[in-house]
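Novice: dropping the sequence and predicted coords here.
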Amino acid sequence: MSFGERISRILLSTPVLRIGSILSTLFGISIFVFLVLRVIPGDSIVGAFGIETGLLTPEQIAQLKVYYGIDKSLPMQYISWMQSFLSGNMGYSYSTGISIASLTAKALPVTIELALIGTILGVVMGIAIGTFSARKPGSIRDFAGQLFGLMALAVPGFVLSTTIVTITANKFHYFPNGYEFVRLWEDPWMNLQQMMFPGLVLGIAVAAPVMRTTRSALLETVDKDFVRTAIGKGVNARKVQSRHVLRNSLIPIVTMTGIQFGYLLGGAVIVENIFSLPGMGRQVLYAITKREYATVQSSVMVFAILFITINVITDLIYRKIDPRIKK
Amino acid sequence: MSNPLLSVSGLGISTVQDPRTLVNSVSFEIMPGEAVGVVGESGSGKTLTALSILGLLPRGVAIAGGSIIFNGTDLTKADPETMRNLRGSDISMVYQDPMTALNPVMKLGRQLLEVIESHEKLDDGSVARVEAALREVGIPQVERAMESYPHEFSGGMRQRVMIAMALLLSPKLLIADEPTTALDVTIQQQILALVSEQRRKRDMSMLWITHDLGVVANLVDRLIVMYAGNIVEAGTVQEIFTNPQHPYTHGLLSSLPSRTDKSRKRLTSIPGVPQKPWLVGNTCGFAPRCFKVTAECTASAPKLVGSLEKSVACFHPMGDK
């Protein structure tokens, strides 16, 4: 094998291609966020001074532009943000003066905890209700399961969140999120109370599509030849269901869960604000209202990296459950 | 004469909604140690007949009448646990397509052990038993095969695994639903030889479903010919091959290529297309394609009459040659 062949073989190997595609995805996202932020009206000066911007003199505006770094050309702005992002501190938040990296270090664990609770609740509910529905298609229980799925899809997270807040806070005077946020390792019991409702709201949003995927995957697998073989061997109904039907239905379920994780990160922005959780969602929303470009851009990049990580994990799970996928 | 191991009488199978007859009053018997072949075109109801014995009919299709007596138990009325106990131990089945009949995400060894686990307790000897069964059907490197997944095996090898699985608990009756159809011709011969040998060794009864007369000739003792959901002719292989009575059987046999015929003529075929079982009604289903058809054939359905050696459902049988 010549040197050139060897190089091209390495470049075309799956891990290298995979990493290449991940990097180009991240690059595309960084460009996209950067441009979208410049397109929306207002800039960092308006974000900081509001209607008082009109009182500033042209000299003051020029100086502020230098201060916020928006006097430079767009490519230069992009390059200087990328430099600070890659250097590890991710740039500075102007309103607080703290590096975005240290803000993220505080906010990210909250969002990850919320996302994990939401995913776990969603997958457990989704698979349970989907299995319940698929057991007897067309029956009352199937109808009930599907009704849940449809309602969970149709009711937006903010409606559900505000409903929960209204009922628990007004009627039962129970609103753990009214207190200052505590971290899991500071006071696990309080933390879980604060995470319970937002986690449930996200969980229901995840459960609906997982339930529908589970139901259709199970119904499709039940008619497969190998299920008939299993019944023909004398395997009891419960084991046929768990070992043969469910096991083979897991791939679409895992796929759907991975996709839902992305929506869940989006949902976290709303839910964190309603339940005043100091996570990435609040960080991003606050930064958008203040037009803190670097904070928004860097936070979105963190979201993107998180989502890609989930995708890689999903792929690893595929390999675990389906031996036909080549190692 | 001993009692039959399996006795099917008046078995009817139809769709559940908008009932359409798929199999119309089929009766036959299988003696202990006897091998019976069922031949017929696609849609003649032969596979459904086989599946109904084990209660494995597809969704939306159900037994509409008649009885299936196995060893004194009517399987059409048996409770789920009785059926479960029977499946894989007393009656087992080999299916048409080995590519889809095995669970793709479960190791082969595990799938075989599952048979033992479902009927007996797993113990230290179980793995050795499974390995011996695999060896017996000619699987090389048995230890490795146990740890393999189905996709790592060829179709012929998978069918051997299916056969090992079916024979694991020494069933009294083996049902084979066109187990060689999906395989290459050379592999077909190996599988046929394997099943033949195992059957003789175990003195097991067998029901072999096929559309290929050439396949069953050397394999079974008696033949049942099905057409449009009905048995049109039944008898010993010898009788049916040398002296077919029903015009359909006659047509089937004359459409077989012959090694001795040097005339280089086109093979004869039966004109027309198979009748849908639910359209037969109270007529002879073969009448639209039959060259001996008379008014009698469309006025009522002929009954299957004759002995165990030879019976035919036809108003105008071919007569002795």
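Specialist: Cool, the structure landed.

Novice: assumed B:P32 was part of a helix.
Specialist: No: using DSSP: H, G, I helix; E, B strand; the rest coil, the assignment for B:P32 is coil, not a helix.

Novice: phi and psi next, for the closest residue to it other than its chain neighbours.
Specialist: Once flanking residues are discounted, B:P32 sits nearest to B:L5: 4.8 Å by Cβ to Cβ, 6 or more residues apart in numbering or on different chains. In short, each C-beta sits where N, CA and C put it, glycine included. B:L5 adopts backbone torsions of phi -70, psi -40, taken as degrees, to the nearest 10.

Novice: can you report how many residues lie near B:L5?
Specialist: 20 (other Cβ atoms under 10 Å in any protein chain shown).

Novice: isn't it right next to B:F70, touching?
Specialist: Yes: taking Cβ atoms under 8 Å as the definition, B:L5 is a contact partner of B:F70 at 7.0 Å.

Novice: mean confidence for stretch B:173-188?
Specialist: Mean per-residue pLDDT for stretch B:173-188: 86.

Novice: do that stretch and chain A meet?
Specialist: No: Stretch B:173-188 is not in contact with chain A by Cβ under 8 Å from any Cβ of the partner chain; minimum separation 9.0 Å.

Novice: mind listing what's buried along that stretch?
Specialist: Neighbour counts over stretch B:173-188 (16 or more other Cβ atoms under 10 Å in any protein chain shown) mark B:173-180, B:182-183, B:187-188 as buried.

Novice: and the strand or helix carrying A:I288, C-alpha only, in CSV?
Specialist: Per DSSP states H and E, A:I288 falls inside helix A:280-289. Extracted C-alpha coordinates of helix A:280-289, given in CSV (Å, rounded to 0.1, in the frame of the first residue of the first chain):
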residue,chain,number,x,y,z
MET,A,280,-28.5,27.5,30.2
GLY,A,281,-32.0,28.4,29.0
ARG,A,282,-32.2,31.4,31.3
GLN,A,283,-28.6,32.4,30.5
VAL,A,284,-29.4,32.4,26.8
LEU,A,285,-32.7,34.2,27.0
TYR,A,286,-31.2,36.9,29.2
ALA,A,287,-28.3,37.3,26.9
ILE,A,288,-30.6,37.6,23.9
THR,A,289,-32.6,40.4,25.5
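
Novice: can you tell me which residues contact the residue nearest to B:P32?
Specialist: B:30-32, B:34, B:70-71, B:172-173, B:205 (Cβ atoms under 8 Å, 6 or more residues apart in numbering or on different chains).

Novice: nearest to B:S126, of those?
Specialist: Ranked by distance to B:S126 (Cβ to Cβ), the contacts of B:L5 are led by B:K172 at 21.4 Å.

Novice: which stretches of the chain aren't confidently modelled?
Specialist: This is for chain A. Residue ranges of chain A with pLDDT under 70: A:1, A:326-327.

Novice: right idea, wrong chain: chain B
Specialist: B:1, B:261, B:320-321.

Novice: how about the residues of it near chain A?
Specialist: Residues of chain B lying near chain A by Cβ under 8 Å from any Cβ: B:54, B:56, B:58-59, B:80, B:84-89, B:92-93, B:95, B:97, B:100-106, B:114-115, B:118-119, B:149, B:151, B:162, B:165.

Novice: which of those residues are buried?
Specialist: By neighbour count, with 16+ other Cβ under 10 Å, these hold B:54, B:56, B:84, B:86-89, B:92-93, B:95, B:97, B:100-106, B:114-115, B:118-119, B:149, B:162, B:165 as buried.

Novice: keep only those of the residues you listed that are in helices.
Specialist: B:84, B:86, B:114-115, B:118-119, B:162, B:165 (DSSP state H).

Novice: what two of those are the furthest from one another?
Specialist: Within those, B:R84 and B:M162 form the most distant pair, 19.4 Å apart (Cβ to Cβ).

Novice: ok, now which ones touch B:I175?
Specialist: If you count contacts by Cβ under 8 Å, 6+ apart, B:I175 has them with B:50, B:53-54, B:91-94, B:206-207, B:209.

Novice: sorry, back to before: give me the contact list for the helix holding A:I288.
Specialist: With contact meaning Cβ under 8 Å, 6+ apart, helix A:280-289 is reached by A:47, A:93, A:103-104, A:107-108, A:110-111, A:265, A:268-273, A:276, A:295-296, A:299-300, A:302-303.

Novice: between B:L5 and B:F70, which contacts overlap?
Specialist: With Cβ under 8 Å, 6+ apart, B:L5 and B:F70 have common neighbours B:L173.

Novice: my reading is that B:E239 lies in a strand. Confirm?
Specialist: No: assessed with three-state DSSP, B:E239 is helix; it does not lie in a strand.

Novice: from B:Q245, how far off is the residue nearest to it when sequence neighbours are not counted?
Specialist: Nearest non-adjacent residue to B:E239, counting by Cβ to Cβ, 6+ apart: B:K310, 4.9 Å away. B:K310 sits at a distance of 7 Å from B:Q245 (criterion: Cβ to Cβ, to the nearest Å).

Novice: and the stretch 151-300 of chain A, which residues reach chain B?
Specialist: Near chain B, the residues belonging to the stretch 151-300 of chain A are A:223-226, A:228-237, A:239, A:243-244, A:247-248 when assessed by Cβ under 8 Å from any Cβ.

Novice: show me which of these are buried.
Specialist: Neighbour-count burial (16+ other Cβ under 10 Å) is assigned, among those, to A:224-226, A:228-235, A:243-244, A:247-248.

Novice: if we can go back for a sec, what sits against the residue nearest to B:E239?
Specialist: B:234-236, B:239, B:243, B:245.

Novice: may I ask which of those residues has the most neighbours?
Specialist: The most crowded member of these is B:A234, carrying 28 neighbours; neighbours defined as other Cβ under 10 Å.

Novice: partners of the helix or strand harbouring it, with directions?
Specialist: Under the criterion of DSSP H and E, B:A234 resides in strand B:230-236. Sheet pairing for strand B:230-236, assigned by DSSP bridges, gives strand B:222-227 (antiparallel), strand B:310-312 (antiparallel).

Novice: and what about the closest residue to B:R289 other than its chain neighbours, helix, strand or coil?
Specialist: Nearest residue to B:R289, sequence neighbours excluded (Cβ to Cβ, 6+ apart): B:G272, at 3.9 Å. Secondary structure state of B:G272, per three-state DSSP, is coil.

Novice: how close does B:G272 sit to chain A?
Specialist: For B:G272, the distance to chain A equals 32 Å [Cβ to the nearest Cβ, to the nearest Å].

Novice: these two touch, right, that residue and B:A287?
Specialist: No: the pair B:G272 / B:A287 is not scored as a contact, 10.4 Å apart, by Cβ under 8 Å.

Novice: and those two? which has more neighbours close in?
Specialist: Higher neighbour count among B:G272 and B:A287: B:A287, with 21 against 10, using other Cβ under 10 Å.

Novice: what helix or strand is the nearest residue to that one once chain neighbours are set aside located in?
Specialist: Nearest residue to B:A287, sequence neighbours excluded (Cβ to Cβ, 6+ apart): B:C297, at 4.2 Å. In this assignment (DSSP H and E), B:C297 forms part of helix B:295-299.

Novice: next, the buried residues of that helix.
Specialist: Neighbour-count burial for helix B:295-299 [16+ other Cβ under 10 Å]: B:C297.

Novice: how about residues contacting it?
Specialist: With Cβ under 8 Å, 6+ apart as the test, helix B:295-299 has contacts from B:283-284, B:287, B:290, B:315-316.

Novice: try it again with 7 Å
Specialist: Helix B:295-299 is contacted by residues B:283-284, B:287, B:290, B:315 when judged by Cβ atoms under 7 Å, 6 or more residues apart in numbering or on different chains.

Novice: picking that back up, drop anything exposed from the contacts of B:L5.
Specialist: Neighbour-count burial (16+ other Cβ under 10 Å) applied to the contacts of B:L5 gives B:30-31, B:34, B:70-71, B:172-173, B:205.
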